[in-house]
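1. below are the sequence and a predicted model; questions follow.
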Amino acid sequence: MTTSETSTTNASTTNDQYFVRAKASIPGGVNSPVRAYGSVGGTPRFLVSANGPYVTDAEGREYVDLVASWGPAILGHAHPTVVSAVQEAAARGLSFGASTPGETELAELVRSRVSVGDQAPIEKIRMVSTGTEATMTAIRLARGYTGRDLLVKFAGHYHGHSDSLLAEAGSGLATLALPGSAGITAETAAQTIVLPYNDLDAVRKAFDENSERIAAVIVEAAAANMGVLAPDPGFNKALSEITTQQGALLIVDEVLTGFRVGPAGWWGLEASGAVPGGIGWKPDLVTFGKVIGGGMPLAALGGRAEIMDYLAPLGPVYQAGTLSGNPVAVAAGIATLQLADASVYARIDEVAALVARETSAALSREGVAHSVQNAGSLFSFSFTHGAPRDYDDVRAQEAFRYPPFFHAMLDAGVNLPPSVFEAWFLTAAHDDRAVGRILEALPGAARAAAAAVAPV
Ligand SMILES: Cc1ncc(COP(=O)(O)O)c(C=O)c1O
Ligand SMILES: NCC(=O)CCC(=O)O
């Protein structure tokens, strides 16, 4: 165990004490609801440092981390090369509010990475600061480009917290069992059509009923915010065909999957045939976040030049940002993508498969009904009796088994996402020691899940 002290923390202050203090000044004590332990109960760990596969809390306790900052830390935390790149960029200036050479370098890197054979869907790319901004801009762009107003999204998919996209969203809304958010006007809500995932008939019907009104279909490349649910083979390709026929755009949200499940994201896995059913299609627009910024606030949207050039200053769709393309964030993104080579993805695939397999085995040994779902190296568990295909299936699970499972893992020094609806994130820094600690914790956690009693 390590003890960490900084100017803002004191090793004698407990997580409980920090939480009490935080709640007095910050709503719920958190700056994002997913951190609040809302569905698992207990006190969130206040983290003071992170290194490789580990995070350390304010009490000096070290945990093997399976959250990885909700995805970005693909190389593990605080990779020395990325930290150096950030330090060097910071020393040159934190923000200029002007174009920088690094932005173009990162744009070129993304364009060349997200290509398979002669297929290269990212012809142009615009950088923003969060995934929310990326999807919000993508739908505005789709509306501006097509001149249409309606939007199709899928139940359980999460695309950030802009007004149009919170209806039946996954992630924290699934965790807190919220159907949507207050504060969104009825007019805005009425412009989003929410359909069941993996249901192409529902998509065709929506287009039949709203002829020439749907601007775009937005879909997570592989759903990972209601637990992980890979699309049925061919689902994304069929969406591409339907939207093309109907004069609408297909926005593929790779904020979570992009540069994490493979060098060219989930689309790259489909386009290369690494997962079935997806050869020969291209998204119109793609959104990125998380890994693209290497742990710094950076996200992006990209796609066909003809569409992207509808953005200001060339086109009529406005989008802007004081910190867009921030030089320090860009430096972290470039360093991260340069390091994320085939060996990184091979290691993550290997450890993810191992941890998923062993967790499933531990649950089976205790007779706990569950399904393990994966999309490449992203995976999660649901306490269901069969394999779920959509949000209704996932919501019907025995979710009460997760809190005791989560806390047993935490007590044993493993930091899992504090919700059954979130993916588990491995990194290339998860070495045998870190994985060994996860495996040691599993039998006790599986027993705790087995002993869980349904609420009356
Ligand atoms: C698929 C997807 N899209 C969009 C977002 C929003 O990104 P951000 O949290 O950076 O706003 C997230 C995650 O939060 C996500 O998983
Ligand atoms: N998978 C869900 C997220 O990544 C959300 C993170 C956040 O809102 O803090």
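-> The structure has been received and is ready for your questions. Ligands and ions are numbered 1, 2, ... in the order given.
2. my read: residue 38 touches residue 176, true?
-> Yes - the criterion here is CB atoms under 8 Å, and residue 38 meets it with residue 176 at 5.5 Å. In this view, the C-beta of every residue, glycine as well, is placed from N, C-alpha and C.
3. these two: who's more crowded?
-> residue 38 (17 against 14; other CB atoms under 10 Å).
4. contacting residues for the more buried one?
-> 172, 175, 176, 418, 419 (CB atoms under 8 Å, 6 or more residues apart in numbering).
5. could you redo the last one with a cut-off of 6 Å?
-> For residue 38, the contact set (CB atoms under 6 Å, 6 or more residues apart in numbering) comprises 175, 176.
6. can you pull the pLDDT of it?
-> We have a pLDDT of 92 for residue 38.
7. what about it, which SS state?
-> Three-state assignment for residue 38 (DSSP: H, G, I helix; E, B strand; the rest coil): coil.
8. start the count at 37 instead of 1 going forward.
-> New numbering, starting at 37: the last item is residue 74.
9. phi, psi of it?
-> Dihedral pair for residue 74: phi -60, psi -40, per degrees, to the nearest 10.
10. with residue 314 instead?
-> Torsion angles, degrees, to the nearest 10, at residue 314: phi -130, psi 20.
11. tell me how many other residues crowd it.
-> Other residues close to residue 314 by other CB under 10 Å number 24.
12. and the one 4 residues further on, by the same measure?
-> Counted by other CB under 10 Å, the residues lying close to residue 318 total 19.
13. so who does it touch?
-> Contacts of residue 318 (CB under 6 Å, 6+ apart): 155, 157.
14. and for residue 481?
-> 441, 444, 445.
15. how is the closest residue to the last one other than its chain neighbours assigned, secondary-structure-wise?
-> Sequence neighbours aside, residue 481 is the residue nearest to residue 445 in space, at 4.7 Å (criterion: CB to CB, 6 or more residues apart in numbering). The local conformation at residue 481, judged by three-state DSSP, is helix.
16. for the one 10 residues further on, same thing?
-> Each residue gets one of three states, and residue 491 gets coil by three-state DSSP.
17. what residues does it make contact with?
-> Per CB under 6 Å, 6+ apart, neighbours of residue 491: residue 436.
18. distance of residue 414 relative to residue 200?
-> According to CB to CB, to the nearest Å, residue 414 stands 25 Å off from residue 200.
19. the two: which is more packed in?
-> When residue 414 is set against residue 200 and neighbours are counted by other CB under 10 Å, the residue ahead is residue 414, at 26 against 19.
20. who are the packing partners of the lowest-mean-pLDDT helix or strand in the chain?
-> Least confident helix or strand of the chain, by mean pLDDT, DSSP states H and E, is helix 208-211 with a mean of 87. Using 3 or more CB pairs under 6 Å, 6 or more residues apart in numbering; DSSP states H and E as the contact test, no helix or strand touches helix 208-211.
21. got the CA coordinates for that helix in CSV?
-> Presented in CSV, the C-alpha positions along helix 208-211 are these (Å, rounded to 0.1, in the frame of the first residue of the first chain):
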residue,chain,number,x,y,z
GLY,A,208,-26.1,7.2,-15.3
LEU,A,209,-29.8,7.3,-16.4
ALA,A,210,-29.9,3.5,-16.5
THR,A,211,-28.1,3.4,-13.1
